[in-house]
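In: dropping the sequence and predicted coords here.
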Amino acid sequence: MDSIPKKYIVRLTRKAEKQLKALGKTDYAKIRSAIEKLAENPRGHYSIKLTDSDNEYRMRVGDFRILYTIEDNILTVFVFDVLNRRDAYK
């Protein structure tokens with residue numbers, strides 16, 4: 001039998017939703033597309049595990065960083081920040 005790939009549910013915090021809505025159309029489209037990719041594979045080649053945390057990751061999209069956690073037991077990805085690079089590491 002073939003293994004069916006698991007698809008994750010992607011949820012955004014209110015803070016992340018506000019940050020996403022504040023972006024211009026071009027940046028919004030790029031970041032929204034990248035967030036949708038997280039449902040297929042949240043640990044893809046584009047994601048980097050944060051060293052300070054057990055369960056936090058970041059993904060780079062141009063000058064922006066998407067910060068998120070992965071809950072494997074409930075197949076959910078929680079996006080908690082969408083920040084410009086200059087603001088992400090303060």
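Out: Structure received. Values in this document were obtained by computation on a predicted structure and should not be read as measured data. Residues are numbered from 1 along each chain as shown.
In: residues contacting the closest residue to residue 78 other than its chain neighbours?
Out: Taking CB to CB, 6 or more residues apart in numbering as the measure, residue 78 lies nearest to residue 69, with 4.9 Å between them; neighbours along the chain are not counted. No exception for glycine: its C-beta is placed from N, CA and C like everyone else's. In this structure, residue 69 makes contact with 55, 56, 57, 77, 78, 80, judged by CB atoms under 8 Å, 6 or more residues apart in numbering.
In: could you tell me which of those residues belong to helices?
Out: Using DSSP state H, no member of those falls within helices.
In: now the residues you listed in a markdown table, with distance to residue 7 and pLDDT?
Out: Shown next, in a markdown table, are the contacts of residue 69 (distance: CB to CB, whole Å; pLDDT from 0 to 100):
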| residue | distance to residue 7 | pLDDT |
| --- | --- | --- |
| 55 | 19 | 88 |
| 56 | 21 | 93 |
| 57 | 17 | 94 |
| 77 | 10 | 95 |
| 78 | 16 | 97 |
| 80 | 20 | 95 |
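In: which of those residues fall in strands?
Out: If you go by DSSP state E, the contacts of residue 69 have 56, 57, 77, 78, 80 in strands.
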